[in-house]
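Asks: Sequence and predicted structure are below.
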Amino acid sequence: MINVALVGCGHIHTPGFVKRLQARNDVTVSAVWDHDRARAEKNAALLSAPVVEDLGAIWADGSISAVVICSETDRHADLVLAAAEAGKHMFVEKPLGLGTEDAYRMADAIAKAGVLFQTGYFQRGIPSHLFLKQHVDAGTFGKITRVRASNCHSGALGDWFTPEWLWMTDTEQAGVGAFGDLGTHALDLLLWMFGSVDRVTATLDRAINRYGEDCDETGEGLLVFKNGIIASLAAGWVDVADPITFEISGTEGHAYVVDRTDVYIKSANLEGADGKSPWPNLPEAWPHAFELFLDAANGASTPLVNVHEAAYRSSVMEAMYKAAKGQGWVTLS
């Protein structure tokens, strides 16, 4: 049994995390804080927890071993650095930082503190993605030449963000628009499977211009990996459907994922892989990334996202936004 504090309630995924916390019998929420008192009170009532106005009380409370940080992204650094200083395990909603500088400052502090870290890259644990990762590592595709990842929904079309989550459309607070918000999940999968990146470029668009000229609503990016793989990344809030979510092409195989569930794979290196029907035996799904964190905080051994992995994703996404602004390529250092 652990005691946790909810520190910041601003992210659109907060209601889902609250429900997960409510369902756990090995977690007690001991405190809720948010700079918006009404927002803190709303979530505290759902969790039967007290609202704390002084963050220092949370950092000083030795009975609280972990914190869940779901604030606006531009508030992450202050909260994360304080949590690290206090020795708290932490779940920080993605993306970790606004860009390279703040993300790596947080990552270094977390690593130095030696605390558990996790962020919301739940798509790693989807069976189709686990299957692809397994066969990328096994060499089933031969030399991989081309990859495509897509993560799109209709959030802007349906105006999912007004009024409660509207800060996510403000790039000063969020650091990114739609491409960065949803694209960070697809980017995580690409980097998880294929390694580090040499250079990137991207094109962003406002599409329906619901949230003003500073907030992109869709985008396409290109990444050239250090191993030579060329990948494209699509993400946006203006799609009525997103049927083909992942594709891998290599000299000895090909695979694509439909709706993140069905994998069609063709390769002579895998018996029965003729690409004509969905692969029948996928790995078992991991628990959600948030559940993995709570399990780890309770002492279990679980696959968590390394904090410097999370920082690298913020750095690559920042480079893609710089490339889009400059209408060129940006090389990663």
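Replies: Nice, I can see it. Since this is a predicted model, take the numbers as computed values, not measurements.
Asks: what ranges do the strands span in the stretch 1-150 of the chain?
Replies: 2-9, 27-33, 64-70, 89-92, 117-118, 144-152 (DSSP state E, counting those that start in this stretch).
Asks: Redo those as a markdown table? Include mean pLDDT and distance to A178.
Replies: C-betas here are computed from N, CA, C, even on glycine. Shown next, in a markdown table, are the strands of the stretch 1-150 of the chain (pLDDT from 0 to 100; distance: least, CB to CB, whole Å):
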| stretch | mean pLDDT | distance to A178 |
| --- | --- | --- |
| strand 2-9 | 98 | 22 |
| strand 27-33 | 98 | 29 |
| strand 64-70 | 98 | 19 |
| strand 89-92 | 98 | 21 |
| strand 117-118 | 98 | 24 |
| strand 144-152 | 98 | 9 |
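Asks: With distance to A273 and mean neighbour count added, can I get those strands in CSV?
Replies: Below are the strands of the stretch 1-150 of the chain laid out as CSV (distance: least, CB to CB, whole Å; neighbours: other CB atoms under 10 Å):
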stretch, distance to A273, mean neighbour count
strand 2-9, 43, 24
strand 27-33, 42, 21
strand 64-70, 41, 24
strand 89-92, 37, 26
strand 117-118, 33, 27
strand 144-152, 15, 21
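Asks: right, so of those, which gets closest to P163?
Replies: Nearest of those to P163, taken as CB to CB: strand 2-9 at 14.6 Å.
Asks: Which elements pack onto the closest one?
Replies: Applying 3 or more CB pairs under 8 Å, 6 or more residues apart in numbering; DSSP states H and E, one finds that strand 2-9 makes contact with helix 14-23, strand 27-33, helix 37-47, helix 55-60, strand 64-70, helix 76-85, helix 289-297.
Asks: List the pairing partners of it within its sheet, with orientation.
Replies: Applying DSSP bridges, strand 2-9 is found paired with strand 27-33 (parallel), strand 64-70 (parallel).
Asks: any chance of the ones you listed in CSV, plus distance to S154?
Replies: As requested, these are exported to CSV (distance: least, CB to CB, whole Å):
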stretch, distance to S154
strand 27-33, 31
strand 64-70, 23
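Asks: Show me the one of the ones you listed that comes nearest T14.
Replies: Going by CB to CB, the one of the strands paired with strand 2-9 nearest T14 is strand 64-70, 4.7 Å.
Asks: So the nearest residue to A296 once chain neighbours are set aside, which state does it fall into?
Replies: Sequence neighbours aside, T302 is the residue nearest to A296 in space, at 4.7 Å (criterion: CB to CB, 6 or more residues apart in numbering). The three-state assignment at T302 reads coil, by DSSP: H, G, I helix; E, B strand; the rest coil.
Asks: Could you tell me which residues make contact with T302?
Replies: P287, L292, F293, D295, A296 (CB atoms under 8 Å, 6 or more residues apart in numbering).
Asks: Considering the residues you listed, which possesses the most neighbours?
Replies: Most neighbours among the contacts of T302, by other CB atoms under 10 Å: F293, with 27 neighbours.
Asks: domains of the chain?
Replies: Per automatic domain parsing, the structural domains of the chain span 2-118, 127-283.
Asks: still on that earlier bit, in a markdown table, list the strands of the stretch 1-150 of the chain along with distance to R313.
Replies: A markdown table is the format used below for the strands of the stretch 1-150 of the chain (distance: least, CB to CB, whole Å):
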| stretch | distance to R313 |
| --- | --- |
| strand 2-9 | 20 |
| strand 27-33 | 26 |
| strand 64-70 | 16 |
| strand 89-92 | 12 |
| strand 117-118 | 13 |
| strand 144-152 | 13 |
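Asks: Can you give me the pLDDT of M168?
Replies: pLDDT recorded at M168 is 98.
Asks: again but with S333, I slipped
Replies: 84.
Asks: Offset the numbering so it begins at 10, please.
Replies: Happy to do that; since the first residue is 10 now, the last one works out to S342.
Asks: Would you mind measuring from it to H138?
Replies: Distance of S342 to H138, computed by CB to CB, to the nearest Å: 28 Å.
Asks: can I assume R33 is in contact with A306?
Replies: No. With contacts counted by CB atoms under 8 Å, R33 stays clear of A306, the gap being 10.6 Å.
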